[in-house]
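Participant: structure for the following, please:
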Amino acid sequence: MASMNDKDYYAILGVDKDASAEDIRKAFQQKARKLHPDVNKAPDAEEKFKEVSEAYAVLSDPEKRSRYDTMRSGSPFAGATGSAGSPYAGGYGGGDPFGWGFPFGSNGYTRRTSTRGRSRSYNPRVGADVVFDLTLDAATAEKGVKRGVTYQRYAACEVCHGKGSVQAEHSETCPTCHGTGRISVDLTGLFGFGVMDMECPECEGTGRVVVDPCDACGGSGRVLTASEVVVNVPAGTHDGDLIRVKGMGNAGTNGSAAGDFVCRVVVPEERLNPYQATGFQILGFDLPFLVFGALSNSLAGLLVFIFVIAAVGVAFIVRGGGLKTNSHWWRNALASLGNGAANGLLIALLMVSMFSCTAAGPGVRYYGFLW
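Facilitator: Numbers count the residues shown, from 1 in each chain. Here you go, the predicted model:
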């Protein structure tokens, strides 16, 4: 969701920046009538209706509109003043005051122009793991090796040390939703729609905001960068093994812990290709029919079905390159065979029971097949 400072609410409603409250109400009324989901069945109508309602929620409230206008005016003191005891009282030159916390100011700081999106949302989340596939031949994997890997990840911002805020140590309650993460728009007097609840556009639903978002990372506490790591692949490694390097994944937001770098070893000689894996799964699917048919003395009635399924499975394996002699490859093949057998178990049980009942003949009551 785009943050509040990324949107031009006046343009969304189609009104001038000096429009009166009545002009804003009428503009919203006209657009909402056209975009309401009960009237407009276009795929994007609901999203546009929410956007128009969000714009009305901000511009129809004098206090919210004042903060929004202050953010867009370029002057942090256009509509508010910092308290005498606040470390954020005082002016700064130019820039986007909303990105620095609405009209809070920043001790004479002149911020740099940046194309990076800025958001006041305070949303600490643990960083995700970075998964990297490292391809090795069977001999190298068996002996073990060290490999250097260059990759992209989100690293902690060096300017704000990952906090997202340059000067403030802590986040604060969102002034728009007062910490609830939601805002309400009363549409009862306009259309009788009642009260519409939506995510707060300033804190993006978290209820907390960064006081002075870092200019380098945009307030998230992390930046995209290239990193290098040395992966130690131990001897005896096989296809699919995972090697984890702690803390070298994506950095968390707003000071949260980083994820790990996870190296997934790929050994083509030990890996089943899609055709081979499918072939063994089909053969595994066929096995329960063979076993249950033999145990219930109904194998003769199932032979055609069993042979056709087996032929399809063999055809897939041959198309995938046939069989290999690598022991780990055979372990993977047996695993696919077992998965196929598990999938076919219930279906085979039902079909064999049906054939057994038919073979019992009319007038003979059958209670199951003999194990």
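Participant: tell me the buried residues in stretch 158-178?
Facilitator: Within stretch 158-178, the residues that count as buried by 16 or more other C-beta atoms under 10 Å are 160, 162-168, 171-172, 174-177. Any C-beta I mention is one placed from the backbone N, CA and C, and that applies to glycine too.
Participant: point out the ones among the residues you listed that are inside helices.
Facilitator: Per DSSP state H, helices hold no members of those.
Participant: and the nearest residue to residue 266 once chain neighbours are set aside, how far from residue 267?
Facilitator: Spatial nearest neighbour of residue 266, excluding adjacent residues (C-beta to C-beta, 6 or more residues apart in numbering): residue 135 at 4.5 Å. Distance from residue 135 to residue 267, counting by C-beta to C-beta, to the nearest Å: 8 Å.
Participant: and residue 195, by the same measure?
Facilitator: 60 Å.
Participant: which one's more surrounded, the two?
Facilitator: Set residue 195 next to residue 267 and count neighbours by other C-beta atoms under 10 Å: residue 267 wins out with 23 against 9.
Participant: ok, now which ones touch the more buried one?
Facilitator: 135, 136, 137, 138, 141, 237, 238, 239, 328 (C-beta atoms under 8 Å, 6 or more residues apart in numbering).
Participant: who wins for most neighbours among those?
Facilitator: Greatest neighbour count in the contacts of residue 267, by other C-beta under 10 Å, goes to residue 141: 25 neighbours.
Participant: which SS state does the spatially closest residue to that one that is not a sequence neighbour fall under?
Facilitator: Distance criterion C-beta to C-beta, 6+ apart; nearest residue to residue 141, sequence neighbours excluded, is residue 237 at 4.6 Å. Secondary structure assignment for residue 237 (DSSP: H, G, I helix; E, B strand; the rest coil): coil.
Participant: for the closest residue to residue 252 other than its chain neighbours, grab the count of nearby residues.
Facilitator: Counting by C-beta to C-beta, 6+ apart, residue 127 is the residue found nearest to residue 252 once chain neighbours are left out, at 4.2 Å. By the measure other C-beta under 10 Å, the count of residues near residue 127 is 21.
Participant: how about residue 127, secondary structure?
Facilitator: Following three-state DSSP, we place residue 127 in the coil state.
Participant: correct me, but it touches residue 259?
Facilitator: Yes. Using C-beta atoms under 8 Å, residue 127 is in contact with residue 259, at 4.1 Å.
Participant: any shared contact partners between those two?
Facilitator: With C-beta under 8 Å, 6+ apart, residue 127 and residue 259 have common neighbours 249, 250, 252.
Participant: now the nearest residue to residue 259 once chain neighbours are set aside: how far from residue 217?
Facilitator: With sequence-adjacent residues excluded and distances taken as C-beta to C-beta, 6+ apart, residue 259 is closest to residue 249, at 2.9 Å. Going from residue 249 to residue 217 by C-beta to C-beta gives 17 Å.
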